[in-house]
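Participant: next input, structure requested:
(chains A, B, C and D)
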4 protein chains.
Amino acid sequence: MYSFKNDYSEGAHPALLKALTESNMQQEEGYGYDTYTQEAIRLLKEEMKNPTIDIHLLTGGTQTNLTAISAFLRPHHAVIAPHTGHIFVNEAGAIEATGHKVITVPGVNGKLKPDQVEAVLAGHPDEHTVKPKLVYISNPTELGTIYKKDELQALKEVCARNNLYLYVDGARLGSALASMENDMTLAEFAAYPDAFYIGGTKNGALMGEALVIVRDELKEDFRYSMKQKGAMLAKSRLLGIQFTELFKGHLFWDLADHANHMAKKLQDGLADNGVTFLAKASTNQLFPVFSNQMIQELQKQYSFYVWERVNDDSSAIRLITSWATKEEMVDQFIRDVKEIKTKFEKKQTTFA
Amino acid sequence: MYSFKNDYSEGAHPALLKALTESNMQQEEGYGYDTYTQEAIRLLKEEMKNPTIDIHLLTGGTQTNLTAISAFLRPHHAVIAPHTGHIFVNEAGAIEATGHKVITVPGVNGKLKPDQVEAVLAGHPDEHTVKPKLVYISNPTELGTIYKKDELQALKEVCARNNLYLYVDGARLGSALASMENDMTLAEFAAYPDAFYIGGTKNGALMGEALVIVRDELKEDFRYSMKQKGAMLAKSRLLGIQFTELFKGHLFWDLADHANHMAKKLQDGLADNGVTFLAKASTNQLFPVFSNQMIQELQKQYSFYVWERVNDDSSAIRLITSWATKEEMVDQFIRDVKEIKTKFEKKQTTFA
Amino acid sequence: MYSFKNDYSEGAHPALLKALTESNMQQEEGYGYDTYTQEAIRLLKEEMKNPTIDIHLLTGGTQTNLTAISAFLRPHHAVIAPHTGHIFVNEAGAIEATGHKVITVPGVNGKLKPDQVEAVLAGHPDEHTVKPKLVYISNPTELGTIYKKDELQALKEVCARNNLYLYVDGARLGSALASMENDMTLAEFAAYPDAFYIGGTKNGALMGEALVIVRDELKEDFRYSMKQKGAMLAKSRLLGIQFTELFKGHLFWDLADHANHMAKKLQDGLADNGVTFLAKASTNQLFPVFSNQMIQELQKQYSFYVWERVNDDSSAIRLITSWATKEEMVDQFIRDVKEIKTKFEKKQTTFA
Amino acid sequence: MYSFKNDYSEGAHPALLKALTESNMQQEEGYGYDTYTQEAIRLLKEEMKNPTIDIHLLTGGTQTNLTAISAFLRPHHAVIAPHTGHIFVNEAGAIEATGHKVITVPGVNGKLKPDQVEAVLAGHPDEHTVKPKLVYISNPTELGTIYKKDELQALKEVCARNNLYLYVDGARLGSALASMENDMTLAEFAAYPDAFYIGGTKNGALMGEALVIVRDELKEDFRYSMKQKGAMLAKSRLLGIQFTELFKGHLFWDLADHANHMAKKLQDGLADNGVTFLAKASTNQLFPVFSNQMIQELQKQYSFYVWERVNDDSSAIRLITSWATKEEMVDQFIRDVKEIKTKFEKKQTTFA
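Facilitator: A predicted model of the protein is given here:
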């Protein structure tokens, strides 16, 4: 059984484990004051060519989203997000648990549009409603699509005009910025949001997300928020060492490249065999459509999510590749699809 | 510079890193459903000889306390804790941030007494005050003292009589139960609280605390609370592997023994040199009293907290030993104290 | 300028003011223990023929909703409501501010359907999402429609099957149960929800809502929740006296009857003049459709909300009647509509 | 049975009820936009000679405290209060329920001292603790003592130096400023706090507190906070009319004067009969010490709180006077004390 279910099935890239092991008995300060966390922050600022940003290392996506958003907002503020937004769908009401409503709009291919933001504002005119204050998007989106420069620019502008914060969930930001369709470096990307995070968990780390706070007014006392939400590790070296390894050279980008490349290969191979997709993959997520019979066969050897019903006979599944995906398993999956298809077609011929 | 500042200065016991490395490329489910987490839970239930308890692995002490306590209480419920309670002093208001007041009483040597619990109840008679519902203690306490069987029994009884939950913060539970003064096994200890956690971070793990929920009514839907508070790791294997290593044999107890043994050696060696202490050490924390001049000298070579002023000329410092404390550094510290003392005495003789 | 904007434009029914004045210098206990609050509770239990329910008097609808719902739910629980639900649209995120997500579905004429509840449950299968626990509806709905017995029965059943609480916002419950289409007494109605409130503010009181808790497990410690949310009046007599006046005879129902009767008269009179409506009025809210030109004319003499755009030339407005609506103003409004219409038609004829 | 238990036993001053009755059928806007609320705000600004302050009318003290404090603070901020602070003792954890810790210090006669504020700050140095941000005091205190100009000035300075907000709970502010010991007008008083409220409930209103926000940065969006906490009345006229009546002439001050005068008369009369007090009364609260036997006798005719045990044989009771206290009952109480004393003394003589 091989898993294309997600991008957190394996441990960490071996270089990270090696660094953890080699530094293990060195005594370090805790709670973010270890030398490795400081070095990771230095490397990230350098990569973003911006010494004025604040960077904090946290352990997971939900934790980062809830700690950041609850620190940034006053009690009557609300978040605007697309229907597919991870904070709305898959975080057990974590944002609401900190007191804030998440207002959603349909989005287009998982992406939020400036006029949707303005429509929300028009519908929230006074104190009988909440006050929208933060726009939440993910890059890539939950559907694997990515934002281009001009789309971010347009969102930045609608936010600036309306005194809103722009926050980007970057659980898979590596994959977005390594996408062939992407038109930005990390440094260029970092000019758009007021805050965002760079996901480590889904790109080679055991765990770890680097929160980047760009806007000055959001920086104050953030360490208090981390401590209060249980988001500050005593042995912060664990995060510092991993992000240092990922960003001291090109490892972070190489891992994202591999994930995207495996997705591309999988897509091309399936397309060659007549498979169609819900949408074209930009990153490391694919949504191929198969007959339900085919899905049952594939489930005997592969693990993946059945994403949505397409019609009575067929459904889209979600395949995710990662830094750890083995190319031979991609090849094998394509071969298996081809083989099962042929078998089914023979059967049909036989019965016909 | 050698640190006796805390018990989280080093990484993890090498056996844990080895296990992480060896299992690294194995594909596993996430969010607590990996085989290692399941195995760790099995081992812990076996160690506690109780198959009916629920066990969840979280990443840190503050996170565990806030997730558990907020899950157990209704909005008008409050916590009773000693003044020194970690949740009251050192967690940035994490419990209050989930909506619950922490009512404190002075405690005796860091320990809470049953009559203090009853005094709090008497002072909170109706809906103009909060309703005390959960008693929070730490074992060992923040002062390094431990609870004996009869003390826990008495607290359990006062809680039962008044329909209160008893919760034990076990950040250093290993050290408490490995103490020479302790009179309980983990299995025996587990019969007293309604819930408690077994600390991994301060006893050899990179991070990780095992929350044990004993009382049935507190078990329901706990995974929702973990997810909502950002306390559920995608790569939960990271916690599962470490707790499996700690509890598949005696490693957890061996590490706690080492920490306590080093503390004992340090205490005896200092006492032999005429050093006095705030209190006798039961676990891995010592509070020796030194002249301020001596403290300044020691700070040139060692890192530790100055705990409290004793008089104009002297203060107590806190020394913490751990699974990673090197015996040679304990010996060195004792020698250094002796040497500096002699030097000071000579000076005084010279001037006299 | 006469207002049909809402049902809280005037003070209180004179009988309530008289009772307040007459009892004014009598010394009474506070915080719900005054003799009047006790009498009001007795009268309400008698009216509902149910001595086992708990009743609490609060000051307003948002306050009642947030105090009750936050008292009933655990932190990971969510509410299911129709899109038009007052808690979702018009309470400034009050429910989310207590930590709970409100999940909405479109509803049909403002009403929630059992299959919609089940669809929400199907979409919230595990701890990655919140856990729906309470179904919120309003009777009448925000669109003025009412629930019939069989509809409540069906909702009650879907809630029972799925272990959900059914909560009814009764800000205008008087108007719903006084509706000609209604098929229940208050006592019969009270058999369906687990908790609901009977609105006083919009039916003749200065302020005041009577929360009724039917389900035993929701009753415990509710006074703590009231105090904690600032929802307990020192001079609770103010609420007790008003509800006693409303329910010691038929005043509450007479006032609701008047409001509904005025709405009916307004509807019939407008229909006779060719006016159409978004929907047929069941209670004290009407949504007639007028040309934008007509609306501008009417706004010179009447105050009301423009509810929604119908097409480029016309919009629906909302007219609300109340216990205080003067019949002569209803007649006047109908005459004015007729007159303006005639004037416009003449103009058109002239130009044609 | 006559009650000296509190200052909310009667309804409202008759002038307020008259104004409510006379304006009753006038149609008004709601939610604070009625003409009476606007007039009350104008009168209050005039009284304070400060057109730049913001004023909001709320219904009760706990509601005002929780709405204001939660609006002013970020999640990691805490409140500093004296042990006797109403928010700490008697509001069911309302502040903690909004997420904020209340740090208390002993206080002196119920009053907070600047060096106590600085000691709290010294004990909260970094993100492992909460960040103190708001100083909460009451004037008069819970013990009936009042702050003088120089004391407020000193607190204002310590707050300014440390970037803290100063908030004054004025549930009985009328009584404080009408005290013979007081050295400030309301306008002068208003120069010290960043925000405070003027209590109506305990000084002649049915309910109502006027929150005054002085500091600009605390003003933004306060109406959102009111709505979200259920603290905005639909029929806000109810509050507007009452505050207009209280402040259009001297009624507010006359009522406070009466309460204080009655307390003074009671104190003098009791002192003349040899009664001692916990402290000298500055406002409308007295704490006379009686034998427990005497207390039992008095309880047959009067209702009051037994405040605290003084020794095995005697206790202090709390007597509160108000705008509604009848002078004849004050005289009667003094006579009764005298009479009972004489009776007891005779008995003792008999037995001796």
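
Participant: any low-confidence regions in chain A?
Facilitator: Counting by pLDDT under 70, chain A has low-confidence residues at A:349-352.

Participant: would you map out the domains in it?
Facilitator: In terms of domains, chain A is parsed into A:14-249, A:252-347 (source: automatic domain parsing).

Participant: quick check: phi and psi at the residue nearest to residue A:8 when sequence neighbours are not counted.
Facilitator: Residue nearest to residue A:8 in three dimensions, not counting chain neighbours: residue B:234, with 4.2 Å by C-beta to C-beta, 6 or more residues apart in numbering or on different chains. For the C-beta atoms, the positions are set from N, CA and C on the backbone; glycine is no exception. Dihedral angles of residue B:234 (phi, psi; degrees, to the nearest 10) stand at phi -60, psi -50.

Participant: and the gap between residue B:234 and residue A:109?
Facilitator: 25 Å (C-beta to C-beta, to the nearest Å).

Participant: more neighbours: which of these two?
Facilitator: Using other C-beta atoms under 10 Å in any protein chain shown as the criterion, residue B:234 and residue A:109 rank with residue B:234 on top: 21 against 15.

Participant: right, and that one touches residue B:32 too?
Facilitator: No - with contact defined as C-beta atoms under 8 Å, residue B:234 and residue B:32 do not form a contacting pair (10.1 Å).

Participant: residue in the stretch 201-350 of chain A nearest to chain D?
Facilitator: Closest contact between the stretch 201-350 of chain A and chain D, by C-beta to the nearest C-beta, is at residue A:224 (3.6 Å).

Participant: which of the residues in stretch A:251-267 are buried?
Facilitator: Buried residues in stretch A:251-267, counting neighbours by 16 or more other C-beta atoms under 10 Å in any protein chain shown, are found at A:251-267.

Participant: which residue ranges form the strands in the stretch 51-200 of chain A?
Facilitator: With DSSP state E, counting those that start in this stretch as the criterion, the stretch 51-200 of chain A has strands at A:54-58, A:77-82, A:102-105, A:131-138, A:165-169, A:195-199.

Participant: identify the residues contacting residue A:308.
Facilitator: Contact criterion C-beta atoms under 8 Å, 6 or more residues apart in numbering or on different chains gives A:278, A:315-316 as the residues in contact with residue A:308.

Participant: go again using 6 Å as the cut-off
Facilitator: Contacts here follow C-beta atoms under 6 Å, 6 or more residues apart in numbering or on different chains; on that basis residue A:308 touches residue A:316.

Participant: report how many residues lie close to the nearest residue to residue A:239 once chain neighbours are set aside.
Facilitator: Counting by C-beta to C-beta, 6+ apart, residue A:57 is the residue found nearest to residue A:239 once chain neighbours are left out, at 3.9 Å. Counted with other C-beta under 10 Å, residues neighbouring residue A:57 total 29.

Participant: from residue C:184, how far out is residue A:57?
Facilitator: Residue A:57 sits at a distance of 59 Å from residue C:184 (criterion: C-beta to C-beta).

Participant: count residues in the vicinity of the residue lying closest to residue A:194 once chain neighbours are set aside, would you?
Facilitator: Setting aside the residues directly before and after it, residue A:194 is nearest to residue A:215 in space (C-beta to C-beta, 6+ apart), at 3.9 Å. The burial count assigned to residue A:215 is 15, neighbours taken as other C-beta under 10 Å.

Participant: repeat that for the one 5 residues further on.
Facilitator: Using other C-beta under 10 Å, residue A:220 has 13 other residues around it.

Participant: could you do residue A:348 as well?
Facilitator: Around residue A:348 sit 9 other residues, with neighbours defined as other C-beta under 10 Å.
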